[in-house]
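Trainee: Any chance you can model this:
(2 chains)
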Protein chains: 2
Amino acid sequence: MYHIGIDLGGTNIAVGIVTEEGKIVAKISVPTKAERPFEEIFSDMADCIRKLLAQTGLDEGRIGSIGIGTPGCLDTAKGMLIFAGNFKYGTLVNYRELMQKHFDVPVYIGNDANVAALAEAKVGAAKGIKNVVMVTLGTGVGGGIIIDGKIYEGHLSSAGELGHMVLVHGGEACTCGRKGCWEAYASVTALVRQTKEAMRSNPDSIMNQTPMDKVNGRTSFDAARKGDKAALEVVENYREYIADGLASLINILCPEVVVIGGGICKEGDYLLGPINEKMQKRVFGTGLLPERKMTVAQLGNDAGIIGAAFLHA
Amino acid sequence: MYHIGIDLGGTNIAVGIVTEEGKIVAKISVPTKAERPFEEIFSDMADCIRKLLAQTGLDEGRIGSIGIGTPGCLDTAKGMLIFAGNFKYGTLVNYRELMQKHFDVPVYIGNDANVAALAEAKVGAAKGIKNVVMVTLGTGVGGGIIIDGKIYEGHLSSAGELGHMVLVHGGEACTCGRKGCWEAYASVTALVRQTKEAMRSNPDSIMNQTPMDKVNGRTSFDAARKGDKAALEVVENYREYIADGLASLINILCPEVVVIGGGICKEGDYLLGPINEKMQKRVFGTGLLPERKMTVAQLGNDAGIIGAAFLHA
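Mentor: Next up, the predicted model:
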């Protein structure tokens, strides 16, 4: 049996046929055009599935389920999107019904960050591990909690908003409306803000060789590696914010493994080594309990498709 | 069938015989004398059980299990205390073996804060609710996470250290060695510190009618109720710290109910009303999702005995 995994993003829809073992046998991507009504978006998704079936020569009867990973707040039992800022018509949309108009198979939905965590726990960086927390450092800070090999959704399918734990009481404004959320310090968006602030206060820093409007997550790291003092401080503070939040999550959830995802992980040990060191010193029972495990996500962008295909399990 | 619940504290040991429905039929309490070797402490526990059996006329064969709630870091699968600062000999002690020298029944152990949460979820303020987070505001901030009606222990039985989530990055020193933990702001110990600080900076405050060494969790609340400005500020900040931490926990775990415990809850709606209001405004999806439920613990000191008696379930 195969399963369809759909990664429904605000920009693109990625659709894949996935084996029971989590291998993608074929995939395709089309623009979401998120301003459209959902009927049209789902019609495109169904077309993608039909194309993939044709391409692989698989009969529709070989598809055991369709899983959809999506941003937003969900009622997964009903297969319903409650709301999502990413889509123009993103309120109270029954994904399951929309998809079952095209295919008569079980349809499951999941929050995109949760779905990525599920993929890593099933076949990625935390393969076969039952209790996993995944944190994705990107535009925001996404999170997923896997307990006993399943997504922990909590009430109203609303658990796992790990980026919206406060790290700095009364601190920077967060997109969610609160102040001081972890996301407002540990996301790449926050790193860019911190980098720009440091550039302004340190006109001599080589970071200023980059025009303000070209600053990205790499700017401070590149300059820090060359020994730039202001950049070193930005990088060290950024590590500090990440480590402090991770230690909090471990004290709350104590998973077997914490998986870190997002493009910033390409900075490798230069970012993650010191984070791990700081984090180990701050978790409860440090020195008395074994070190906690932190690892880097392996599945990259495929995590969305693969995790969605595992939603049935 | 009955179950024995033991609440092993640093000061007292409370032992009870509990029905399947969570009713205590008899209980007894003796001093722990925590400086003693564990053999002696367990010998006293066993004597308590024998006394209760004699008192109730129950035969030993009617006892299905013995559960022990204890401070410290545990390996619950092995029935072993890893370490606890509360006991002089508190490292690597096999509670199960020690107890089974006296009674040949299954013995379960649990962290005291987790056990209290279990009691509230089984027969207390969150009776019959499957996903519950309990937060106890006391000397520290204790926590327990109940998922699917069971204690969520995480790896190394170390989950649920909710007080050791950072709320103020780089803030007040915490007993755990970190800086800025929620416990360092939301515990009654923290409230007393905040009260004393306000008394020093506001010599005109009526709080100063209380001698410094008599200040407790009620000092600021009593003065605030009389309209004392400095006290009102202490109380408002304290509510703020609690609400901000609760909103973080809800964003992470989204339980069906959050149960608040600890003596400070006697301040009632004056404390908890504004906390609930603030918290509702800060949770993710506020205004789009239903209000989250917050309630006050019902079982008081009996939660330790009752929860321990449910550890077998």
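Trainee: for chain B, what are the nearby residues on the stretch 51-200 of chain A?
Mentor: Within reach of chain B by CB under 8 Å from any CB of the partner chain, the stretch 51-200 of chain A has these residues: A:73, A:82-83, A:131, A:143, A:145, A:147, A:152-156, A:158-162, A:164-169, A:171, A:176-178, A:180, A:185. Backbone N, C-alpha and C define where each C-beta goes, glycine included.
Trainee: now, which of those residues lie within strands?
Mentor: Of those, the ones assigned to strands by DSSP state E are A:Cys73, A:Ile82, A:Phe83, A:Gly143, A:Ile145, A:Ile147.
Trainee: how many other residues sit next to the last one?
Mentor: Right, A:Ile147. For A:Ile147, the tally of surrounding residues (other CB atoms under 10 Å in any protein chain shown) stands at 21.
Trainee: For stretch A:220-240, give the mean pLDDT please.
Mentor: Regarding stretch A:220-240, the rounded mean pLDDT is 98.
Trainee: For whatever residue of the stretch 101-250 of chain A ends up closest to chain B, which residues are in contact?
Mentor: For the stretch 101-250 of chain A, the residue positioned closest to chain B under CB to the nearest CB is A:Gly154, at a distance of 3.2 Å. Contacts here follow CB atoms under 8 Å, 6 or more residues apart in numbering or on different chains; on that basis A:Gly154 touches A:Gly160, B:Asn131, B:Leu253, B:Cys254, B:Pro255.
Trainee: Considering those, which possesses the most neighbours?
Mentor: A:Gly160 (27 neighbours).
Trainee: so that residue sits right up against A:Ala113, yeah?
Mentor: Yes - judged on CB atoms under 8 Å, A:Gly160 makes contact with A:Ala113 at a distance of 6.5 Å.
Trainee: hey, what's in contact with both of the two?
Mentor: A:Gly143, A:Gly144.
Trainee: so where do the helices sit in chain A?
Mentor: Assigned by DSSP state H, the helices in chain A fall at A:38-56, A:95-100, A:112-123, A:183-186, A:188-201, A:219-225, A:229-253, A:269-282, A:302-309.
Trainee: Only C-alpha atoms, please: export the third one in CSV.
Mentor: This means helix A:112-123. Output for helix A:112-123, consisting of C-alpha atoms alone and laid out as CSV, is shown next (Å, rounded to 0.1, in the frame of the first residue of the first chain):
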residue,chain,number,x,y,z
ASP,A,112,2.7,21.4,9.1
ALA,A,113,5.2,21.8,11.9
ASN,A,114,3.8,18.7,13.6
VAL,A,115,3.9,16.8,10.4
ALA,A,116,7.6,17.5,9.9
ALA,A,117,8.3,16.3,13.4
LEU,A,118,6.4,13.1,12.7
ALA,A,119,8.5,12.5,9.6
GLU,A,120,11.7,13.0,11.5
ALA,A,121,10.5,10.6,14.2
LYS,A,122,9.4,8.0,11.7
VAL,A,123,12.2,7.9,9.2
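Trainee: per-residue pLDDT, the residue of the stretch 201-313 of chain A found nearest chain B?
Mentor: When scored by CB to the nearest CB, the stretch 201-313 of chain A has A:Cys254 as its residue closest to chain B, at 3.2 Å. At A:Cys254, the pLDDT value in this model is 95.
Trainee: looking at chain A, which residue lies furthest from center?
Mentor: Most distant from the centre of chain A: A:Asp204, at 35.9 Å, with distances by CA atoms, centre = their mean.
Trainee: so what's that one up against?
Mentor: The neighbourhood of A:Asp204, defined by CB under 8 Å, 6+ apart, consists of A:Ala230.
Trainee: still on that earlier bit, and the contacts of A:Gly154, which is closest to B:Arg282?
Mentor: Of all these, B:Arg282 sits closest to B:Cys254, with 13.3 Å by CB to CB.
Trainee: I am assuming that closest one contacts A:His155, so please confirm or correct that.
Mentor: Yes - taking CB under 8 Å as the definition, B:Cys254 is a contact partner of A:His155 at 4.9 Å.
Trainee: re earlier: please convert the buried members of the ones in strands among the residues of the stretch 51-200 of chain A next to chain B into ChimeraX selection syntax.
Mentor: The buried residues among these can be selected in ChimeraX (16 or more other CB atoms under 10 Å in any protein chain shown) with this line:
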select /A:73,82,83,143,145,147
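Trainee: Now for the ones in strands among the residues of the stretch 51-200 of chain A next to chain B: which two are most distant?
Mentor: Using CB to CB, the two most remote members of these are A:Phe83 and A:Ile147, lying 25.3 Å apart.
Trainee: before we move on, back to that, okay if I get the helices of chain A as TSV plus distance to B:Ala313?
Mentor: Putting these into TSV (distance: least, CB to CB, whole Å) gives the following:
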stretch	distance to B:Ala313
helix A:38-56	44
helix A:95-100	35
helix A:112-123	27
helix A:183-186	38
helix A:188-201	44
helix A:219-225	51
helix A:229-253	22
helix A:269-282	34
helix A:302-309	33
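Trainee: closest one to B:Leu299 among those helices?
Mentor: Proximity to B:Leu299 (CB to CB) singles out helix A:229-253 among the helices of chain A, at 23.2 Å.
Trainee: same for the closest one, what does it pack against?
Mentor: strand A:132-137, helix A:183-186, helix A:188-201, helix A:219-225, strand A:257-261, helix A:269-282, helix B:229-253 (3 or more CB pairs under 8 Å, 6 or more residues apart in numbering or on different chains; DSSP states H and E).
Trainee: ok, the residue of the stretch 201-313 of chain A closest to chain B - contacts?
Mentor: A:Cys254 makes contact with A:Asn131, A:Arg292, B:Glu153, B:Gly154, B:His155, B:Leu156, B:Ser158, B:Ala159, B:Gly160, B:Glu161, according to CB under 8 Å, 6+ apart.
Trainee: The closest residue to the third one other than its chain neighbours: neighbour count?
Mentor: By that I understand B:Glu153. Take B:Glu153 and drop its neighbours on the chain: the residue closest to it by CB to CB, 6 or more residues apart in numbering or on different chains is B:Ala159, 5.6 Å away. Residue neighbour count, defined by other CB under 10 Å, stands at 26 for B:Ala159.
Trainee: any idea of the pLDDT on B:Ala159?
Mentor: With respect to pLDDT, B:Ala159 scores 94.
Trainee: In this structure it contacts B:Lys150, no?
Mentor: No - with contact defined as CB under 8 Å, B:Ala159 does not reach B:Lys150; the gap is 11.9 Å.
Trainee: any idea how far A:Leu8 is from A:Gly72?
Mentor: Summarising the geometry, the distance separating A:Gly72 from A:Leu8, computed by CB to CB, to the nearest Å, is 9 Å.
Trainee: Among these two, which residue is more densely surrounded?
Mentor: A:Leu8 (28 against 21).
Trainee: Look up the closest residue to that one, ignoring the ones flanking it.
Mentor: Using CB to CB, 6+ apart and skipping the chain neighbours, the partner closest in space to A:Leu8 is A:Thr70 (4.5 Å).
Trainee: For the nearest residue in space to A:Tyr152 that is not next to it in sequence, give me its contacts.
Mentor: With CB to CB, 6+ apart as the measure, A:Ile145 is the residue that lies nearest to A:Tyr152, at 4.2 Å, once sequence neighbours are left out. With contact set as CB under 8 Å, 6+ apart, A:Ile145 has these partners: A:Asn114, A:Ala117, A:Val132, A:Val133, A:Ile151, A:Tyr152, A:Ala159, A:Gly160, A:Leu162, A:Leu253, A:Pro255, B:Ile252.
Trainee: One more pass at 6 Å, please.
Mentor: For A:Ile145, the contacting residues are A:Val133, A:Tyr152, A:Gly160, by CB atoms under 6 Å, 6 or more residues apart in numbering or on different chains.
Trainee: what's the domain layout of chain A?
Mentor: According to automatic domain parsing, chain A is divided into the following domains: A:2-122+A:302-309, A:128-296.
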